[in-house]
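J.: predicted model, plus sequence, below.
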Amino acid sequence: MRFIWWYYVVAIVIFALDQVTKYVIVTNMALYESRAVIGEFFTITSHRNRGAAFGILQNQRWFFIVITLVVVVGIVYYLNRSVREKKRLLPAALALLLGGALGNFIDRALYGEVVDFLQFRFQFSFFGTPVDYTYPIFNLADSAIVIGVALILLDSVIAWRKEKREVAS
């Protein structure tokens, strides 16, 4: 348990980076303004989202606030538990989830919307058919959440394989 603080530091760093980048966007760009970073592939676009991922459940502010509070309590519980069980990957994943969840929570609680700004556009040909797809705009908190979930899935697969090997022995 003596290194548990490290995971909370990771969560705080994710939260802080998310909030700083959102502040920079809000104070330096007009809403819907775009700035190319890598041609049309990657742009910084000032956008606001009153819903969840991909814009679903628009204007459900209190629902998201309550759900996020419940999720944060669960994350803290499982983070502490996984550290006690001497796991490494799972607490790191939960720290990313915690930082990301708190970053978007603060936006929703204070402003009723989340600041998004990372936009990717994919243009290519697929068997001669042109494809032009713009991925929904997101932020650093969303990125941390997605990476955290992916690491939880990876941890689950590793644990499942380990259990499978032990049963076979």
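T.: Noted; the coordinates are in hand.

J.: okay, now the residue nearest to residue 42 when sequence neighbours are not counted: neighbour count?
T.: Across the structure, with C-beta to C-beta, 6 or more residues apart in numbering as the measure, the residue nearest residue 42 apart from its sequence neighbours is residue 120 (5.7 Å). In short, each C-beta sits where N, CA and C put it, glycine included. Residue 120 is flanked by 16 other residues according to other C-beta atoms under 10 Å.

J.: buried stuff in the longest strand that the chain contains?
T.: Secondary structure of the chain per DSSP state E: the longest strand is strand 114-126. Residues of strand 114-126 classed as buried: 114, 115, 116, 117, 118, 119, 120 (neighbour count, 16 or more other C-beta atoms under 10 Å).

J.: using CSV, list the CA coordinates for the worst-scoring helix or strand of the chain on mean pLDDT.
T.: Using mean pLDDT, DSSP states H and E, helix 61-84 stands out as the lowest-scoring helix or strand of the chain, at a mean of 90. Presented in CSV, the C-alpha positions along helix 61-84 are these (Å, rounded to 0.1, in the frame of the first residue of the first chain):
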residue,chain,number,x,y,z
ARG,A,61,-26.0,17.0,-17.3
TRP,A,62,-27.3,15.7,-13.9
PHE,A,63,-27.4,12.1,-15.2
PHE,A,64,-23.7,12.3,-16.1
ILE,A,65,-22.8,14.1,-12.8
VAL,A,66,-24.5,11.4,-10.7
ILE,A,67,-23.1,8.5,-12.8
THR,A,68,-19.6,10.0,-12.7
LEU,A,69,-19.7,10.3,-8.9
VAL,A,70,-20.7,6.6,-8.6
VAL,A,71,-18.0,5.6,-11.1
VAL,A,72,-15.3,7.6,-9.3
VAL,A,73,-16.2,6.0,-6.0
GLY,A,74,-16.0,2.5,-7.7
ILE,A,75,-12.6,3.4,-9.4
VAL,A,76,-11.1,4.5,-6.0
TYR,A,77,-12.4,1.3,-4.3
TYR,A,78,-10.9,-0.9,-7.0
LEU,A,79,-7.7,1.1,-7.3
ASN,A,80,-7.1,0.6,-3.6
ARG,A,81,-8.0,-3.0,-3.7
SER,A,82,-5.9,-3.8,-6.8
VAL,A,83,-2.8,-2.1,-5.1
ARG,A,84,-3.4,-4.2,-2.0
